[in-house]
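Asker: what's the 3D shape of this:
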Amino acid sequence: MTRGPSSSNAASEPAPSAAPGAGGPLNIGRETVDRPVERGAGARVAILWRDSRGKRHDISYADLREATNRVAGVLRALDVAKGEPVFVMLGHRPEFATAMLGALKRGCLAAPLYPAFGPEPVATRINLARGRVLITTIDCYRRRVAPARAAMPSLQHVLLVAGADEAAAPAGTRLLAPLLDAAGAECEVEPTTEDDLALLHFTSGTTGAPKGALHAHAALRSHVASARRAFDLRADDVFWCTADPGWVTGTSYGLIAPLACGATTLVDEADFDPGRWIERLRGDSVSVWYTTPTALRMMRQLGVDASRVASLPRLRWIATVGERLDPALVAWSRATFGVPIHDTWWQTETGAIMIAQQPGSEVRPGPIGRPLPGVEAAVVRRNPAGVVEPVPDGQPGELALRAGWPSMFRGYLDDDERYRACFCGGWYLSGDSARRDAAGDYWFLGRLDDVVKSSGHLVGPVEVENALTQHVAVADAGVVGVPDPIAGERVKAFVELAPGHAPTPQLIQELLGFARQRLGAAIAPKEIEVLDVLPRTTSGKVLRRILREGAC
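Answerer: Sure thing, here's the model as predicted:
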């Protein structure tokens, strides 16, 4: 781990287009499915699927190998070329795995889509990639695709997974099952190298169209290494990543990483329910659990405690991703589940976990941890000349990574200028505000756009939110800066109260004093507003942008 970058000017330095490596043969589909079978693990359960009614279905590595071969055969029969995008919108179903990995075996660019998207976001993404192929369910097609089908001129092949009570495909589509039956159980994996493109993940931009981050087959190396270092993942584990596979977390860690490690991955089709989730942890012997702070907060609010959880003998590791992990939630988790929460940090662009609280390290509430082996991180700032400079420990800056790790994105779809703007002096600039403490641990402070500049102080919203959520009356908090004629900006907090607490003037004053006592007057919020529900993204992150708009 570096202590900081040397000052460098990247004005004449092009952005990295590929991670360094031998460029040798590598295919994610083959490595995650065929390799375990070749090593004698064909009978091991690869996917433990719980359908919406709770019924268990076990899919072995041998089963998965045949199913992915058939998908690759279908794509070959349709003349889908190597490198061509194949969109997959299937949610928490085993067909997601067979479609994605089958597309990768064919050498295609596997592109997951979130099944709760409306027709317009679906059309936007397919049109950006000029996609010809979409694999989804009949129900999802009718609700999410058909209303905008005419606005997707490139879309030629819509292959549908039918439900138990669905027999006919809508006009302009085909059922996938007969095509799979006609395809062979054996197929030759398309030769690909670690530098061939494999995955297309869309992430929302702050303005304009969504960004399509491109990743190569080499990303597998980071997926496996990070799963072992950030989760201590082993072949005998039952691993549960609760993220929807339409997002990068659900693909990288709900699918690729556990299979490449030879583990069993749990897939639960049903929506969130605390009782069901506890039963999954217990009844399916989950040993490693990767979820979101929002899911844990909901479990806490709905009364889940140690008495309800009872014995979970195999659960040995909990990790979270995607948003602020406040100290109060860390304490609740340890008391409830008997194990600490390990935070992780990464982005769609990084392709895999870069920083985490790792095995053998002290789990302290607050920091996100340290860079994984092989990852070089630093906290930096750009000076007026555009030169990247290190920031002293303890001071806020931008979290940066030395470019060149295997899962680093290789570009944005049709947007080279935006891609180049992410790099300077050999560093990938994440856009996240962070600081590093004297012990070498990194602390996430929020997006740079979210940092509040008040009376010369840089205030990270996460730090204020963490303090507020330690009060018994606060279930969650969101902090923004609002215009102030004297300070430039003042810190304003929006809070969602825990059950049993009313938004009285006395409580507001108590919360203001509580924050000042913990943070000091310069950082503590000057104003607190209570909301029934904080605005959130579909993945549970508090939408500070919406809070700012409402505050102004």
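Asker: only C-alpha atoms for contact and neighbour calcs from this point on.
Answerer: Will do.
Asker: next structured bit after the lowest-mean-pLDDT helix or strand in the chain?
Answerer: Ranked by mean pLDDT, DSSP states H and E, the weakest helix or strand in the chain is strand 457-459, scoring a mean of 68. Scanning the chain past strand 457-459 towards its C-terminal end, the next helix or strand to appear is helix 461-468 (assignment: DSSP states H and E).
Asker: now that following helix, how far from the chain's geometric center?
Answerer: 22 Å (C-alpha atoms, centre = their mean, to the nearest Å).
Asker: burial count for the residue lying closest to Ile523 once chain neighbours are set aside?
Answerer: Spatial nearest neighbour of Ile523, chain neighbours left out: Val459 (6.1 Å); criterion: C-alpha to C-alpha, 6 or more residues apart in numbering. Residues lying near Val459 (other C-alpha atoms under 10 Å) number 25.
Asker: now do Val288
Answerer: For Val288, which is what you asked about, the neighbour count (other C-alpha under 10 Å) is 22.
Asker: same deal with Thr336?
Answerer: Other residues within reach of Thr336, judged by other C-alpha under 10 Å, total 18.
Asker: my guess is Arg50 contacts Val267, does it?
Answerer: Yes - contact between Arg50 and Val267 holds when scored by C-alpha atoms under 8 Å: they sit 6.2 Å apart.
Asker: quick one, which of the two is more surrounded?
Answerer: Neighbour count, other C-alpha under 10 Å: between Arg50 and Val267, Val267 has more, with 27 against 21.
Asker: Off-centre distance for the helix or strand in which Ser226 is found?
Answerer: Using DSSP H and E, the secondary-structure element containing Ser226 is helix 219-231. Mean C-alpha position of helix 219-231 versus that of the full chain (C-alpha atoms, centre = their mean) differs by 14 Å.
Asker: how about that helix as PDB, C-alpha atoms only?
Answerer: Output in PDB follows, covering the C-alpha atoms of helix 219-231 (Å, rounded to 0.1, in the frame of the first residue of the first chain):
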ATOM      1  CA  ALA A 219     -11.600  -9.200 -14.300                       C
ATOM      2  CA  LEU A 220     -12.000 -12.800 -13.100                       C
ATOM      3  CA  ARG A 221      -8.600 -12.600 -11.400                       C
ATOM      4  CA  SER A 222      -9.800  -9.700  -9.200                       C
ATOM      5  CA  HIS A 223     -13.100 -11.400  -8.500                       C
ATOM      6  CA  VAL A 224     -11.400 -14.500  -7.100                       C
ATOM      7  CA  ALA A 225      -8.600 -12.700  -5.300                       C
ATOM      8  CA  SER A 226     -11.000 -10.200  -3.600                       C
ATOM      9  CA  ALA A 227     -13.500 -12.900  -2.600                       C
ATOM     10  CA  ARG A 228     -10.800 -14.800  -0.800                       C
ATOM     11  CA  ARG A 229      -9.300 -11.700   0.800                       C
ATOM     12  CA  ALA A 230     -12.500  -9.700   1.600                       C
ATOM     13  CA  PHE A 231     -14.800 -12.700   2.500                       C
END
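Asker: elements contacting the following helix or strand past that helix?
Answerer: Following helix 219-231 in sequence order, the next helix or strand is strand 238-241 (DSSP H and E). When contacts are defined as 3 or more C-alpha pairs under 8 Å, 6 or more residues apart in numbering; DSSP states H and E, strand 238-241 packs onto strand 264-268, strand 288-291.
Asker: what residues does strand 238-241 touch?
Answerer: Residues from elsewhere that reach strand 238-241 (C-alpha atoms under 8 Å, 6 or more residues apart in numbering): 233, 250, 253-254, 258, 263-267, 284-291.
Asker: Name the residues of stretch 170-185 that are buried.
Answerer: Within stretch 170-185, the residues that qualify as buried are Thr173, Arg174, Leu175, Leu176, Leu179, Leu180, Ala183, Gly184, Ala185, counting by 16 or more other C-alpha atoms under 10 Å.
Asker: out of those residues, what pair is the most spread apart?
Answerer: Distance extremes for the buried residues of stretch 170-185: the farthest pair is Thr173 and Ala185 at 23.6 Å, using C-alpha to C-alpha.
Asker: any idea where the strands of the stretch 51-200 of the chain begin and end?
Answerer: Remark: strands of the stretch 51-200 of the chain, listed N- to C-terminal, are 56-60, 85-89, 109-112, 133-137, 157-161, 174-175, 197-203; assignment by DSSP state E, counting those that start in this stretch.
Asker: Give me the subset of the buried residues of stretch 170-185 lying in helices.
Answerer: When helices are assigned by DSSP state H, the members of these inside them are Leu176, Leu179, Leu180.
Asker: Name the nearest of those relative to Val122.
Answerer: When these are compared for distance to Val122 (C-alpha to C-alpha), Leu176 wins out at 20.1 Å.
Asker: Appreciated, that's everything.
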